[in-house]
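Trainee: No sequence on hand, only this structure:
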Ligand SMILES: Nc1nc(=O)c2c([nH]1)NC[C@@H]1CN(c3ccc(C(=O)N[C@@H](CCC(=O)O)C(=O)O)cc3)CN21
Ligand SMILES: CC(C)C(=O)C(=O)O
Ligand SMILES: [Mg+2]
């Protein structure tokens, strides 16, 4: 860690909320950083720390709800958490996940769900899927909904994949992901997020699409990086993907503080005598 805990980076003046600013950053070769967050205090801290964008990810099913996958997260839950995060980080790009079951039935279902997320404060909605989602992405894009297309390891496909498995490992699979990314961008996607794919493939897709790319476990060749908040802070109870980096022993700090408080109560050191 370079900085003491609690030190606040001065607010960044550069525009990081408008999608146009992300296009500009790609053009200028300026890399950007996103993180997930699910509530007001962490969103506020992320903005103060100078993060460019915040994702209200359906990973909250795992990090916040303690589930083993993301499948049971509801649209209402993402709407609720998006409101909290948007209030905490008004200067960051706010991206919200369309959860499993809220968009796959067709473009009309996707639009109704996406509209709820924009009303809750999202600047961009993210949906998982490749070629199968091209029509939906076109429909949303023509109707005022900025879309980020999520390809590669799409956790909502965990049953189909048979686990959280890295994608794009064969030449065929890599070629298909390139075609998917190009088709999604041509259909109107304003961003493409790639998860758990080989580094050269992440770089190749970044060159092939005009829109900004975001990578997680996709190597250093993407226009932006994203990680899950609880992994960064050392708060994830359970499996942390190998590509994540933990910058803080959050679990140790929190356990220590709560333990200290409980100890003082038992020792009658808290509350103080009045
Ligand atoms: N805490 C947390 N961090 C994340 O980054 C994250 C979540 N949760 N939940 C939703 C998805 C799932 N993620 C993952 C999970 C595993 C791999 C991975 O690389 N898996 C190994 C082993 C898979 C296996 O068990 O066979 C691989 O080599 O494929 C990648 C992304 C990323 N996302
Ligand atoms: C891991 C990121 C990309 C995500 O989709 C989430 O947090 O739900
Ligand atoms: Mg997600």
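Mentor: It's in. Note that the coordinates shown come from a computational prediction; the quantities given were computed from them, not determined experimentally. Ligands and ions are numbered 1, 2, ... in the order given.
Trainee: can we go C-alpha only for contacts and neighbour counts from here?
Mentor: Noted.
Trainee: Tell me the backbone dihedrals of the spatially most central residue of the chain, please.
Mentor: Centroid-nearest residue in the chain, with C-alpha atoms, centre = their mean: residue 55, separated by 3.7 Å. Here is the backbone geometry of residue 55 (degrees, to the nearest 10): phi -100, psi 120.
Trainee: For it, list the residues it contacts.
Mentor: 34, 35, 36, 37, 94, 95, 96, 97 (C-alpha atoms under 8 Å, 6 or more residues apart in numbering).
Trainee: any chance of those in CSV, plus distance to ligand 3?
Mentor: Putting those into CSV (distance: C-alpha to the ion, whole Å) gives the following:
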residue, distance to ligand 3
34, 13
35, 12
36, 9
37, 12
94, 14
95, 10
96, 9
97, 6
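Trainee: filter these to the buried ones?
Mentor: Among those, those scoring as buried are 34, 35, 36, 37, 94, 95, 96, 97 (criterion: 16 or more other C-alpha atoms under 10 Å).
Trainee: tell me the secondary structure for residue 214?
Mentor: Here residue 214 is recorded as strand under DSSP: H, G, I helix; E, B strand; the rest coil.
Trainee: measure it to residue 236 for me?
Mentor: Distance of residue 214 to residue 236, computed by C-alpha to C-alpha, to the nearest Å: 22 Å.
Trainee: Those two: which has the busier surroundings?
Mentor: Using other C-alpha atoms under 10 Å as the criterion, residue 214 and residue 236 rank with residue 214 on top: 26 against 19.
Trainee: hang on, the earlier thing: now, which of the buried ones among the contacts of residue 55 lie within helices?
Mentor: Assigned to helices by DSSP state H, none of the buried ones among the contacts of residue 55 qualify.
Trainee: Now render those as JSON lines, adding distance to ligand 1.
Mentor: Converted to JSON lines, these look like this (distance: C-alpha to the nearest ligand atom, whole Å):
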{"residue": "34", "distance to ligand 1": "13"}
{"residue": "35", "distance to ligand 1": "10"}
{"residue": "36", "distance to ligand 1": "10"}
{"residue": "37", "distance to ligand 1": "12"}
{"residue": "94", "distance to ligand 1": "18"}
{"residue": "95", "distance to ligand 1": "16"}
{"residue": "96", "distance to ligand 1": "14"}
{"residue": "97", "distance to ligand 1": "12"}
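Trainee: of the contacts of residue 55, list those near ligand 2.
Mentor: residue 36 (C-alpha under 6 Å from any ligand atom).
Trainee: Could you single out the nearest of the contacts of residue 55 to residue 202?
Mentor: Closest to residue 202 out of the contacts of residue 55 is residue 34 (16.7 Å), distances taken as C-alpha to C-alpha.
Trainee: Switch the contacts of residue 55 over to CSV; also include pLDDT.
Mentor: Compiled in CSV, the contacts of residue 55 are given as follows (pLDDT from 0 to 100):
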residue, pLDDT
34, 99
35, 99
36, 99
37, 99
94, 99
95, 99
96, 99
97, 99
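Trainee: and the contacts of residue 55, which of them are in strands?
Mentor: 34, 35, 36, 94, 95, 96, 97 (DSSP state E).
Trainee: The residue of the chain found nearest ligand 2: neighbouring residues, count only.
Mentor: Proximity of the chain to ligand 2 (C-alpha to the nearest ligand atom) peaks at residue 57, 3.2 Å away. As a burial measure, residue 57 scores 24 neighbours (other C-alpha under 10 Å).
Trainee: Repeat that for residue 25.
Mentor: Going by other C-alpha under 10 Å, the residues that sit close to residue 25 add up to 17.
Trainee: So it versus ligand 1, what's the distance?
Mentor: 24 Å (C-alpha to the nearest ligand atom, to the nearest Å).
Trainee: That residue contacts residue 31, doesn't it?
Mentor: Yes: look at residue 25 against residue 31 with C-alpha atoms under 8 Å: they come within range, at 6.9 Å.
Trainee: residue contacts, residue 153?
Mentor: 164, 165, 166, 167, 194, 195, 196, 197.
Trainee: pLDDT at it, what is it?
Mentor: The model reports residue 153 with a pLDDT of 98.
Trainee: Nearest residue to it in space, ignoring adjacent ones along the chain?
Mentor: Take residue 153 and drop its neighbours on the chain: the residue closest to it by C-alpha to C-alpha, 6 or more residues apart in numbering is residue 195, 5.1 Å away.
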